[in-house]
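*Asks:* fold the following for me, if possible:
(chains A and B)
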Amino acid sequence: GENVEQHPSTLSVQEGDSAVIKCTYSDSASNYFPWYKQELGKRPQLIIDIRSNVGEKKDQRIAVTLNKTAKHFSLHITETQPEDSAVYFCAASPLTGGGNKLTFGTGTQLKVEL
Amino acid sequence: DAGVTQSPTHLIKTRGQQVTLRCSPKSGHDTVSWYQQALGQGPQFIFQYYEEEERQRGNFPDRFSGHQFPNYSSELNVNALLLGDSALYLCASSRVWGSSYNEQFFGPGTRLTVL
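*Replies:* Next up, the predicted model:
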């Protein structure tokens, strides 16, 4: 089955700096890659996703890049703010004929310091 | 739109007992997936329901079972509870099996503690 590895496990940045979180996946059939943000005690929230037919997607301060050949994808957050502090999870899934089964990474605890 | 809702919020059980968790999907969604999230870990896929049938299953024992109702809501049942079943159980809904709309939206979860 699919295996998703995520690095780093913790990331501390100064407010206004950029943050990058990287994930690798093993199953070449995976072609849908969402990112979730989970604040303490709250539900995971979808912040951005990318499908394998594109290499990059951007939404304001957040961008995701995908390299299908190398089987890795990354989340980039620019101009970080204290409210960006949370745990971020990457996930991978095949877009089969049915609903997707997400395989998650182990998470990155992002701390944005003032 | 209330989004995905789950009940109860918290639950405490003892080993060997059985538990039922409930989920109502986001309006317009017809597919419900269940995930187990242990402390400090990413969610792990348990199973997925569409048209009242289990369509996909993760690496979980038969003690974990589920059901989907005609109104798309779903239940997760866990029998013979073990200490290791203590976790946050998340329900996620998505719409249209077989379409390109695969975004999954999560509920707030049920925190299960097994003593």
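
*Asks:* any weak-confidence spans in chain A?
*Replies:* By pLDDT under 70, the weakly predicted segments of chain A are A:96-99.

*Asks:* for it, what spans make up the strands?
*Replies:* Along chain A, counting by DSSP state E, strands occupy A:4-7, A:10-14, A:19-25, A:32-38, A:45-51, A:56-59, A:62-67, A:72-77, A:86-92, A:103-104, A:108-113.

*Asks:* and the ones you listed as CSV, adding mean neighbour count and distance to chain B?
*Replies:* Backbone N, C-alpha and C define where each C-beta goes, glycine included. Below are the strands of chain A laid out as CSV (neighbours: other Cβ atoms under 10 Å in any protein chain shown; distance: least, Cβ to the nearest Cβ, whole Å):
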stretch, mean neighbour count, distance to chain B
strand A:4-7, 18, 8
strand A:10-14, 13, 11
strand A:19-25, 20, 11
strand A:32-38, 23, 6
strand A:45-51, 17, 6
strand A:56-59, 12, 13
strand A:62-67, 18, 14
strand A:72-77, 21, 14
strand A:86-92, 25, 5
strand A:103-104, 24, 3
strand A:108-113, 17, 9
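
*Asks:* and the nearest residue to residue B:113 once chain neighbours are set aside, what is it in contact with?
*Replies:* Ranked by Cβ to Cβ, 6 or more residues apart in numbering or on different chains and with sequence neighbours excluded, the top spatial neighbour of residue B:113 is residue B:12, at 4.8 Å. By Cβ atoms under 8 Å, 6 or more residues apart in numbering or on different chains, the residues touching residue B:12 are B:112-115.

*Asks:* and the residues you listed as CSV, adding distance to residue A:114, pLDDT and secondary structure?
*Replies:* Formatted as CSV, the contacts of residue B:12 follow (distance: Cβ to Cβ, whole Å; pLDDT from 0 to 100; DSSP: H, G, I helix; E, B strand; the rest coil):
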residue, distance to residue A:114, pLDDT, secondary structure
B:112, 36, 98, strand
B:113, 35, 97, strand
B:114, 40, 98, strand
B:115, 40, 96, coil
